[in-house]
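Undergrad: Model the structure of this input:
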Amino acid sequence: MHSDRKRASAFLPSLQHVRVVLVPTRDIYTVGAAAAVLALIPAVMATDILDGPALPDFTILKRLARDQLIYLLEQLPGKKDLIIEPDLMSPLDRIANVSILKQHDVDKLYKLENKPIYSNNDQLCFLIRPRISHMKYIANLVNTDKRSDRNRKYKIIFSPQKFHTCDMILEQEGIFGDVTCDEWSFYLLPLDDDIISMELPEFYRDYFLEGDQRWIGTVAKALHLLNSIFGPMSKSYGIGRCAKMVYEVWKELLDEDESDRTERRPDLGVAFIIDRDVDYVTPLCSQVVYEGLVDDIFRIKCGSVEFGPEVTSSEKSIKVLLNSQDKVFQEIRNEHFSNVFSFLSQKARNLQSHYDKRREMDINQMKSFVSQELKGLKQEHRLLSLHIGACESIMKKKTKQDFQDLLKTEHSLLEGFDIRESITSIEEHINRQVSPTESLRLLCLLSITENGLITKDYRSLKTQYLQSYGPAHLLTFSNLKRTGLLIEQVPGETLTAVESKMSKLVTDKAAGKLTDAFSSLAKKSHFRGISKKLGLIPRIDGEYDLKTPRDMAYVFSGAYIPLSCKVIEQVLQRKSWMGLEEVTRLLNGNEFSVQLSDNTANSDSQRTILIVFLGGCTFSEIAALRFLGKEKGYKFIFLTTSIMNSTRMLESLAETKT
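TA: Residues are numbered from 1 along each chain as shown. Next up, the predicted model:
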């Protein structure tokens, strides 16, 4: 039996037979049947080996964003209606809730949709992303008002910035002089103590598929803002063509801004910028850490998740903020799912014992208990019940989709064993029509790990997929080919010629967007070579110990260390790219290591690393790097264009809704 089988079976102990039962007692729910089984398993959680430095306080970023938005709203004095783009509603709620907006003369809120807005207000304010479709919608509304002699004031607030194309559309539609425009420089949304999101999910498709560089300056400005508040950072590493462009724009901003050269104690020391296409394997693998599974099943949006009736055991859905303030979630978020039940059962017993202490209390002790402890216990009880319900729901869904067999197929692909058997499993998955996105994910993982599919397999699998899910997916296959996610192997001589031509284009700065969009056609993944060089597949005897993991591979049941995380670990360990020349060659180069300032006196700041993911990062990568931070004494701060998983990535490339 291959080691991948052993690792896959570690996802859950007896997955088909373990079930969480909520048993009501006098005061609290406890874990029933599962607790009885899992009480024998010690709740061993990862512990800090080295104390990392304290995290900077990123709440100032929220205050800055809120204050700027309020200032922009007050530029349109008096009552006004606010029309908000749907993608901005969740981020806005984290910055300024409805009551704050009402305090600044916002009368009614509307969602920007493709239908008329029936507003009686004489002032309309639009909070939108800089998109052509939005410009045309606003132009149509303004022109309709003009035809009906309706006199109103219009203000457009672009977030995070306005592009020249927006002005062009306003001019073409004849309303440029009828509206006023402003920018809400909302680059950074702290989702948690160590996670900052730019909430730009479109970044991945725009750059890595379309070759559109418009967000490069936005990321550079975000880095510059962080450097201004929490820096100056002393050093920057990076890999990827997009990462290099971001750094170059950021460096120009640093050179222009003299204020950043003042002496002060920095909170951030090092920045590491990495492109998403450096590592496609990691987002294509099934997530098995708790936070990743919650994201895959329930979709975490802007740091919060909506648990439905199947989790809450009631008729209502509950929206829950998932961050370090949730003490139950904080302790299980980075854990492999098989460890979560033992923790929850122990937590339930501890909570019950706290309630039971009341029996031996006198009046004064009871009064103190009610005033000081009871509220916190009830809150913990509520959260514990929700996470138990979420775990039960995850187990049901993953069992239904034959999750164990899926993991075995993935692990076989990662290790390069039983490829024909894996292809047969993928064909079965496609022909059973389990899920178009899941089938596409397995096809892409097969292609990336095998450096493309041979012509016979590519055509056969593509035909079966289109027959199962419809010919509308044909354009999606074209997009996957352009990004290098799903490609057909080309005979050696032809590929060499193509690579030669494309490499000339890649090095030609004048090629611009065309280069970005098509350079990946000749890109090869070289996963096997990189995996061997970096030791991404751990060699183990027996089963991988998920309760006391020894490396970052635990986030994938011991089968695979995330490539992106391993590269980051190696560069930080060497403090340069020296010795990694072969790896960077296989990763298509564009690595850099530059000294930004001489501010290296503060040792704590040098151990606080800002990791910048261009194109999105997964919760598995975050969990793996948190583990590395505990091992090595680092504190990692994650700045990402958005939170990514396989479904979001593939949906962004799809030309039809899957």
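
Undergrad: Tell me where the stretch 51-200 of the chain has helices.
TA: Ranges of helices in the stretch 51-200 of the chain, per DSSP state H, counting those that start in this stretch, are 59-74, 86-95, 98-103, 132-147, 164-172.

Undergrad: Rounded mean pLDDT for the fourth one, please.
TA: Right, the one you point to is helix 132-147. The pLDDT scores in helix 132-147 average 91.

Undergrad: Just the angle for it relative to helix 164-172, thanks.
TA: Helix 132-147 runs at 20 degrees relative to helix 164-172, counting by axes from the mean of the first three to the mean of the last three C-alpha atoms, to 10 degrees.

Undergrad: quick revisit: nearest to residue 395, out of the helices of the stretch 51-200 of the chain?
TA: When these are compared by C-beta to C-beta, helix 86-95 sits nearest residue 395, at 27.8 Å. Where you see a C-beta, it was placed from the backbone N, CA and C, and this is true even at glycine.

Undergrad: Contacts for stretch 429-445, please.
TA: By C-beta atoms under 8 Å, 6 or more residues apart in numbering, the residues outside stretch 429-445 that reach it are 280-281, 284-285, 401, 406, 409-410, 413, 425-426, 461, 464-465, 468-469, 473, 476, 480, 485-486, 646-647, 650-651, 658.

Undergrad: Now, those that are in helices?
TA: 281, 284, 406, 409-410, 413, 425-426, 461, 464-465, 468-469, 476, 480, 646-647, 650-651 (DSSP state H).

Undergrad: Looking at the helices of the stretch 51-200 of the chain, spot the one closest to residue 615.
TA: Once the helices of the stretch 51-200 of the chain are compared by C-beta to C-beta, helix 86-95 is nearest, at 17.1 Å.

Undergrad: which other residues reach the closest one?
TA: 62, 65-66, 69, 84, 111-113, 127-129, 159, 186, 189, 191, 199, 201, 301-304.

Undergrad: just stretch 413-426 next, same as before
TA: In contact with stretch 413-426 (C-beta under 8 Å, 6+ apart) are residues 2-4, 281, 285, 405, 409, 412, 439, 442-443, 445-446, 449-450, 457, 461, 528, 531, 536-537, 559-560.

Undergrad: List the buried residues of stretch 319-327.
TA: Across stretch 319-327, burial judged by 16 or more other C-beta atoms under 10 Å covers 320, 322, 323, 326.

Undergrad: will you turn these into JSON lines that also has pLDDT, secondary structure and distance to residue 349?
TA: Output for the buried residues of stretch 319-327, formatted as JSON lines (pLDDT from 0 to 100; DSSP: H, G, I helix; E, B strand; the rest coil; distance: C-beta to C-beta, whole Å):
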{"residue": "320", "pLDDT": "90", "secondary structure": "strand", "distance to residue 349": "23"}
{"residue": "322", "pLDDT": "92", "secondary structure": "coil", "distance to residue 349": "24"}
{"residue": "323", "pLDDT": "91", "secondary structure": "coil", "distance to residue 349": "25"}
{"residue": "326", "pLDDT": "88", "secondary structure": "coil", "distance to residue 349": "20"}
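
Undergrad: farthest pair in those residues?
TA: 320 and 323 (9.8 Å).

Undergrad: residue ranges for the helices of the stretch 401-550 of the chain, please.
TA: Under DSSP H, counting those that start in this stretch, the stretch 401-550 of the chain gives helices at 403-415, 419-431, 436-449, 455-469, 474-483, 492-507, 512-518, 527-534.

Undergrad: could you dump the ones you listed to a markdown table with mean neighbour count and distance to residue 249?
TA: Putting these into a markdown table (neighbours: other C-beta atoms under 10 Å; distance: least, C-beta to C-beta, whole Å) gives the following:
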| stretch | mean neighbour count | distance to residue 249 |
| --- | --- | --- |
| helix 403-415 | 22 | 36 |
| helix 419-431 | 17 | 41 |
| helix 436-449 | 24 | 29 |
| helix 455-469 | 16 | 38 |
| helix 474-483 | 18 | 23 |
| helix 492-507 | 12 | 19 |
| helix 512-518 | 16 | 15 |
| helix 527-534 | 18 | 28 |
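
Undergrad: So which of the contacts of helix 86-95 belong to strands?
TA: Within the contacts of helix 86-95, residues falling in strands by DSSP state E are 84, 111, 127, 128, 189, 304.

Undergrad: Counting neighbours, what do you get for the fourth one?
TA: When neighbours are counted by other C-beta atoms under 10 Å, residue 128 registers 23.

Undergrad: Could you pull up the contacting residues of the closest residue to residue 536 other than its chain neighbours?
TA: With C-beta to C-beta, 6 or more residues apart in numbering as the criterion, residue 536 has its nearest non-adjacent residue at 4.9 Å, and that residue is residue 561. Each residue near residue 561 by C-beta under 8 Å, 6+ apart is listed here: 534, 535, 536, 537, 538, 551, 552, 553, 624.

Undergrad: Which of those has the largest number of neighbours?
TA: residue 624 (29 neighbours).

Undergrad: For that residue, which residues are in contact?
TA: Applying C-beta under 8 Å, 6+ apart, the residues contacting residue 624 are 552, 555, 561, 562, 565.

Undergrad: What of residue 157?
TA: 69, 72, 125, 126, 127, 128, 181, 182, 183, 184.

Undergrad: Report pLDDT for it.
TA: 94.

Undergrad: next one: the one 3 residues further on
TA: Model confidence at residue 160, given as pLDDT, is 92.

Undergrad: Neighbours of it, how many?
TA: Residue 160 has 21 nearby residues by other C-beta under 10 Å.

Undergrad: Adding mean pLDDT and distance to residue 78, write the helices of the stretch 401-550 of the chain out as TSV.
TA: As requested, the helices of the stretch 401-550 of the chain are exported to TSV (pLDDT from 0 to 100; distance: least, C-beta to C-beta, whole Å):
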stretch	mean pLDDT	distance to residue 78
helix 403-415	90	57
helix 419-431	93	59
helix 436-449	95	48
helix 455-469	95	53
helix 474-483	94	47
helix 492-507	46	54
helix 512-518	43	43
helix 527-534	93	60
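
Undergrad: now for these, which one comes closest to residue 589?
TA: helix 492-507 (9.3 Å).

Undergrad: name the element residue 273 belongs to?
TA: Using DSSP states H and E, residue 273 maps to strand 270-275.

Undergrad: Give me the contacts around that strand.
TA: Against strand 270-275 from outside (C-beta under 8 Å, 6+ apart): 208, 223, 233-243, 246-247, 564, 567-568, 571-572, 596, 606, 608-615.

Undergrad: can you give me the helices for the stretch 201-350 of the chain?
TA: So, for the stretch 201-350 of the chain - with DSSP H, counting those that start in this stretch - the helices run 202-204, 216-230, 241-256, 281-284, 290-298, 309-312, 327-332, 337-356.

Undergrad: Would you tell me which one of these is buried the most?
TA: The highest average neighbour count among the helices of the stretch 201-350 of the chain, using mean count of other C-beta atoms under 10 Å, belongs to helix 281-284 at a mean of 25.

Undergrad: that older thread, let me know the closest of the ones in strands among the contacts of helix 86-95 to residue 380.
TA: residue 304 (18.8 Å).

Undergrad: Verify the stated contact: the closest one with residue 322.
TA: Yes: using C-beta atoms under 8 Å, residue 304 is in contact with residue 322, at 6.4 Å.

Undergrad: low pLDDT regions in this structure?
TA: 1-52, 258-263, 352-377, 400-401, 491-524, 599-602, 657-658 (pLDDT under 70).

Undergrad: switch the cut-off to 80
TA: 1-53, 231, 257-265, 347-381, 398-402, 490-525, 540-543, 598-605, 656-658 (pLDDT under 80).

Undergrad: thinking again about what came up before, in a markdown table, list the buried residues of stretch 319-327 along with distance to residue 382.
TA: Formatted as a markdown table, these follow (distance: C-beta to C-beta, whole Å):
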| residue | distance to residue 382 |
| --- | --- |
| 320 | 10 |
| 322 | 14 |
| 323 | 16 |
| 326 | 10 |
